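Chemist: need a 3D model of the sequence below.
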Amino acid sequence: MDQVTFRSDTVLSDVHLLLPNARHLMTRLNGVGQPVFISRFKILRDCENHDPGNGTPVPATEERVCEACGGGEGPREEGEEEGGQREKCGGDTRALLDEDGDLDVVRRPRGTLSPERDAADRDAIHPIILSKGEEAPADDELQEECAGNVIMIEHTMATPLEDVGKQVWRGALLLADFILSQPMLFQGATVLELGAGTGITSIVAATLAKVVYCTDVGQDLLNMCQQNVTLNRHLLKPAGGEVKVRELDWLGDEFCTDAETEFSWMEEEVADLHDNATLLIAADVCYDDDFTDAMFRTLYRITSNLRHASVAYISIEKRLNFTLRHMDVSCEAYDHFRRCLDDLQDITDGKTRFTVEPVSPRFPQFFHYERIEQLELWKVTATPL
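Modeler: Model prediction:
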């Protein structure tokens, strides 16, 4: 078996499909028999040459491409007017039109390049799986390979909807970008992440924060979180931050403090959270109405019991879907999320006042991914009364 077969009833994150210049390496099977891959996410510390709108690198000398002939024009010469065509196409596109007036695009014939060049130009997007008999890289090799500004993340791919938390989504990278762009906000803070998934955002937060409670539910998912924290201790140790992976079930009313249960809370940790937490984060967790309701109930319950005023940052991707019920394109999960935000702001229980506002996405991009306009970040401020 040399590539993964994706079934029609599975969900695949664009982050894994479009991760540039990367090969996904399968390392093992998890507790439920799913292939686990490991991918590298480089933190772009020098963001001056990246457009904060979409993260596209902006070279010092930009090469223009002639839309009429497809040829590169090279840097614009001094005194040359904007939009002027170069000698290659003579500025006349009429010769490229067919008899109906449509643009006739000449395609490169097959085989004009060497097989090696053709293969290099068509990088496979499917994951590369270790063949039988090979072993995953040793832990020391991984640590040596990712020294510096590279985050190593174990994740699954093409999962059923109930396991999407085991993938990395663009909302997590958007939130990670925001965290790195606001170092003074997160420096030395106590942070709680709801629905952490693979834990990548908690790991980024811990490069600045004092302690991050990385929470989710499910033994297999929490094991993956813990493994990712271990893989990235090279980033956390110099910063002095700590990630504590803990179970937090949105459908429950209390923190699990059973000492016999793995990833349970200690009483001291619950007290620390209530006494010191000022920041909550959640990345792309609102894709199901029931889970969205449960998340907002948990958010209300926890923020209402914190000693200090707190701020929650929630990222979401507005996903467009065609539904037979509406016979039109709609964003039902996003619409429900927005209604929950409005309901939260309307609460008048005399204990906590909530204010909601969008956060402009015009902050630097520290990771390679497509920052599409459907990605949003919301700020929820909880003030005790």
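Chemist: show me where the protein has strands.
Modeler: For the chain, the strands defined by DSSP state E occupy 25-29, 35-42, 64-65, 72-74, 150-155, 190-194, 211-216, 242-247, 277-283, 310-317, 321-323, 328-330, 352-359, 375-384.
Chemist: paired strands for the longest one, with orientation please.
Modeler: In this case it means strand 375-384. strand 310-317 (antiparallel), strand 352-359 (antiparallel) (DSSP bridges).
Chemist: and the second one, by the same measure?
Modeler: Partner strands for strand 35-42, per DSSP bridges, with pairing direction: strand 25-29 (antiparallel), strand 150-155 (antiparallel).
Chemist: pLDDT of that strand, averaged?
Modeler: The average pLDDT within strand 35-42 is 90.
Chemist: can you start the count at 21 instead of 1 from here on
Modeler: All set: I'll call the first residue 21, so the last point we hit is now strand 55-62.
Chemist: using PDB, list the CA coordinates for it.
Modeler: Coordinates of each C-alpha in strand 55-62 appear next as PDB, following Å, rounded to 0.1, in the frame of the first residue of the first chain:
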ATOM      1  CA  PRO A  55      -3.200   5.800  10.400                       C
ATOM      2  CA  VAL A  56      -1.400   8.600  12.300                       C
ATOM      3  CA  PHE A  57       0.800  10.900  10.300                       C
ATOM      4  CA  ILE A  58       3.400  13.500  11.400                       C
ATOM      5  CA  SER A  59       3.800  16.800   9.700                       C
ATOM      6  CA  ARG A  60       6.000  19.800  10.100                       C
ATOM      7  CA  PHE A  61       4.700  23.400  10.600                       C
ATOM      8  CA  LYS A  62       7.300  26.000  10.300                       C
END
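Chemist: still on that earlier bit, of all the strands paired with strand 395-404, which one is nearest residue 257?
Modeler: Judged by C-beta to C-beta, the one of the strands paired with strand 395-404 that comes nearest to residue 257 is strand 330-337, at 25.5 Å. The C-beta positions use only the backbone N, C-alpha and C, and glycine is treated the same way.
Chemist: which residues in the stretch 121-270 of the chain form helices?
Modeler: All helices of the stretch 121-270 of the chain, identified by DSSP state H, counting those that start in this stretch, fall at 135-141, 159-165, 190-201, 203-206, 220-226, 239-251, 253-259.
Chemist: avg pLDDT for the last one?
Modeler: Read that as helix 253-259. Helix 253-259 comes out at a mean pLDDT of 87.
Chemist: of all the residues in that helix, which ones are buried?
Modeler: 254, 255, 256 (16 or more other C-beta atoms under 10 Å).
Chemist: neighbours around the residue lying closest to residue 357 once chain neighbours are set aside, how many?
Modeler: With C-beta to C-beta, 6 or more residues apart in numbering as the criterion, residue 357 has its nearest non-adjacent residue at 4.3 Å, and that residue is residue 306. Look at residue 306: counted by other C-beta atoms under 10 Å, it has 24 neighbours.
Chemist: wait, what's in contact with residue 306?
Modeler: Applying C-beta atoms under 8 Å, 6 or more residues apart in numbering to residue 306 gives the contacts 312, 315, 334, 336, 353, 354, 356, 357, 360.
Chemist: one more: residue 285?
Modeler: 266, 267, 275, 276, 277.
Chemist: among the residues you listed, which one sits closest to residue 51?
Modeler: Using C-beta to C-beta, the contacts of residue 285 come closest to residue 51 at residue 267, 15.3 Å.
Chemist: that closest one contacts residue 233, doesn't it?
Modeler: No - applying C-beta atoms under 8 Å, one finds residue 267 not in contact with residue 233, separated by 10.6 Å.
Chemist: these two - which one has more neighbours?
Modeler: For residue 267 and residue 233, the more surrounded residue by other C-beta under 10 Å is residue 233, and the numbers stand at 25 against 20.
Chemist: who does that one bridge with?
Modeler: residue 212, residue 264.
Chemist: that one touches residue 219, doesn't it?
Modeler: No - the criterion here is C-beta under 8 Å, and residue 233 misses it with residue 219 at 11.2 Å.
Chemist: where in the stretch 221-370 of the chain is pLDDT low?
Modeler: Within the stretch 221-370 of the chain, the ranges that satisfy pLDDT under 70 run 342-350.
Chemist: and residue 61, how far from residue 294?
Modeler: 32 Å (C-beta to C-beta, to the nearest Å).
Chemist: er, residue 202 actually
Modeler: Counting by C-beta to C-beta, the gap from residue 202 to residue 294 is 24 Å.
Chemist: what is the burial count for residue 53?
Modeler: Count around residue 53 with other C-beta under 10 Å applied: 6.
Chemist: the one 3 residues further on now?
Modeler: Applying other C-beta under 10 Å, we find 20 other residues in the vicinity of residue 56.
Chemist: tell me who's in contact with residue 351.
Modeler: Applying C-beta under 8 Å, 6+ apart, the residues near residue 351 are 338, 339, 340, 341.
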